[in-house]
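A.B. asks: Model the structure of this input:
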Amino acid sequence: MELIGRRKLELVSGRSNRPLAEQIAAHLGVELGEPNLREFANGEIHCRYDLSIRGSDLFIIQTHCGPVNDSLMEQLIMIDAAKRASAKNITAVCPYYGYARQDRKSTGREPITAKLVADLMQAAGADRVISVDLHSGQIQGFFDVPFDHLTATPVLEEYLRTRVGGEVVIVAPDSGRVKVAERYAQQLNADLALVHKGRPPGTINQVEVRHVVGEVEGRHCVIIDDMIDTASTICAAAERLADSGASEIWAMATHGVFSDPAIDRLEKAPISRVVVTDTLPVPKDRQFDKLEVLSVAKIIADAIDAVFEETSVSEIFGGANLV
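C.D. replies: Presented below is the predicted three-dimensional model:
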């Protein structure tokens, strides 16, 4: 008896960002599977796939948004259920990777929780992981399975090309974002500036902006970051740019976390436009007039297709997805 191998792509989603998963499925031309997620009376999560996934290449989409622990646990349970249902390959698709900022020990007696999340995913049974714009590239090294790092840069760059004219300056809000901001500046043929910031010792979500490096007076400044959480960094940078004579200030980031008091800060800051992507859902109570949300569904769909077809993911970005 000779069996001809058949491969089957299956796509399922958790409940944290269902609209993004539906867009990804539409780009791929497949239907979302149903994991039938529900809670028991005590809050424990249960999962049972509707149809057989035996031998399939299963992609489980779940962004780790608030409540982060619930979203993460939900994905781990879906991975475990898929492994026990004999899925051939299980890929965890995490548009936003939870606990990414806890990627090292900055003081004594701290965890490296980004590594813990990696260990949990692998223990659950993930054979591969896909994520978008990690806070730190070293997180890829926490995994012993393949990790595909995607970037929202093409989406954000295209937005800038079609909507910004005149003298533009790409601004890195801190030293950690200089490499990314420099890449934007090169692609857009724009100048580069850096906001020199620091944090008071022993504090969280507090920023001290010291000075601006680069010529920004009378120019359109675009601050580029990987995420906007409480918006302390973005708003502090915007205020210093305004003090330095910038004519207009935009803020752009891949992940719009928008923890309190981000919305209030952004509305009061000298920022005329805030642009993020839909890696994280933005509830109606978090939307405001300055905000625009772009979709990364096609980028993620193209990456899933490349993984399934065993072609290069890096070629989608021309190698510019490396961090």
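A.B. asks: Quick check: which element contains V274?
C.D. replies: Element membership of V274 [criterion: DSSP states H and E] is strand 273-277.
A.B. asks: all helices for the stretch 1-150 of the chain, in order.
C.D. replies: Taking DSSP state H, counting those that start in this stretch, the helices of the stretch 1-150 of the chain run over residues 18-28, 68-84, 113-124.
A.B. asks: I meant to write the stretch 151-300 of the chain there.
C.D. replies: Under DSSP H, counting those that start in this stretch, the stretch 151-300 of the chain gives helices at 153-163, 178-188, 232-243, 262-268, 297-309.
A.B. asks: Now render the ones you listed as TSV, adding mean neighbour count.
C.D. replies: Where C-beta positions appear, they are placed from N, C-alpha and C, glycine not excepted. TSV is the format used below for the helices of the stretch 151-300 of the chain (neighbours: other Cβ atoms under 10 Å):
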stretch	mean neighbour count
helix 153-163	15
helix 178-188	17
helix 232-243	22
helix 262-268	17
helix 297-309	20
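A.B. asks: So G319 versus I300, what's the distance?
C.D. replies: According to Cβ to Cβ, to the nearest Å, G319 stands 18 Å off from I300.
A.B. asks: Ok, D80 next?
C.D. replies: Noted for D80: a distance of 23 Å to I300, by Cβ to Cβ.
A.B. asks: same check, this time on T162
C.D. replies: Separation of T162 from I300 (Cβ to Cβ): 22 Å.
A.B. asks: Equivalent analysis for H64, please.
C.D. replies: For H64, the distance to I300 (Cβ to Cβ) stands at 15 Å.
A.B. asks: Could you do I224 as well?
C.D. replies: Counting by Cβ to Cβ, the gap from I224 to I300 is 20 Å.
A.B. asks: Before we move on, what's the pLDDT of the closest residue in space to E248 that isn't next to it in sequence?
C.D. replies: The shortest distance from E248 to any non-neighbouring residue, by Cβ to Cβ, 6 or more residues apart in numbering, is to H220 (4.7 Å). pLDDT recorded at H220 is 96.
A.B. asks: neighbours around T230, how many?
C.D. replies: Neighbourhood size, T230 [other Cβ atoms under 10 Å]: 18.
A.B. asks: That one touches D264, doesn't it?
C.D. replies: No - using Cβ atoms under 8 Å, T230 is not in contact with D264, being 10.1 Å away.
A.B. asks: For the residue positioned nearest the centre of the chain, give me the pLDDT.
C.D. replies: Centroid-nearest residue in the chain, with Cα atoms, centre = their mean: Y96, separated by 3.7 Å. In this model, Y96 is scored at 98, pLDDT.
A.B. asks: my read: it touches A253, true?
C.D. replies: No - Y96 is not in contact with A253 according to Cβ under 8 Å; the separation is 11.2 Å.
A.B. asks: how much space between the closest residue to G218 other than its chain neighbours and K298?
C.D. replies: Excluding the flanking residues, the one nearest G218 by Cβ to Cβ, 6+ apart is S247, at 5.3 Å. Plainly put, S247 is 33 Å away from K298 if you go by Cβ to Cβ.
A.B. asks: Likewise for V168?
C.D. replies: For V168 relative to K298 (Cβ to Cβ), the value is 25 Å.
A.B. asks: What is the burial count for the closest residue to R101 other than its chain neighbours?
C.D. replies: Leaving aside its sequence neighbours, R101 sits nearest to H135 (Cβ to Cβ, 6+ apart; 5.3 Å). If you count neighbours by other Cβ under 10 Å, H135 ends up with 21.
A.B. asks: for C47, same thing?
C.D. replies: Neighbour tally, C47, other Cβ under 10 Å: 20.
A.B. asks: which regions of the protein sit below the pLDDT cut-off?
C.D. replies: Along the chain, the model assigns pLDDT under 70 to residues 1-5, 197-210, 322-323.
A.B. asks: Quickly list the domain ranges of it.
C.D. replies: 9-151+298-316, 153-295 (automatic domain parsing).
A.B. asks: what's the span of the last one, first residue to last?
C.D. replies: Going back to what we said before, that points to domain 153-295. 12 Å (Cα to Cα, to the nearest Å).
A.B. asks: before we move on, back to that, what lines up beside the strand holding V274 in the sheet?
C.D. replies: strand 248-256 (parallel), strand 291-294 (parallel) (DSSP bridges).
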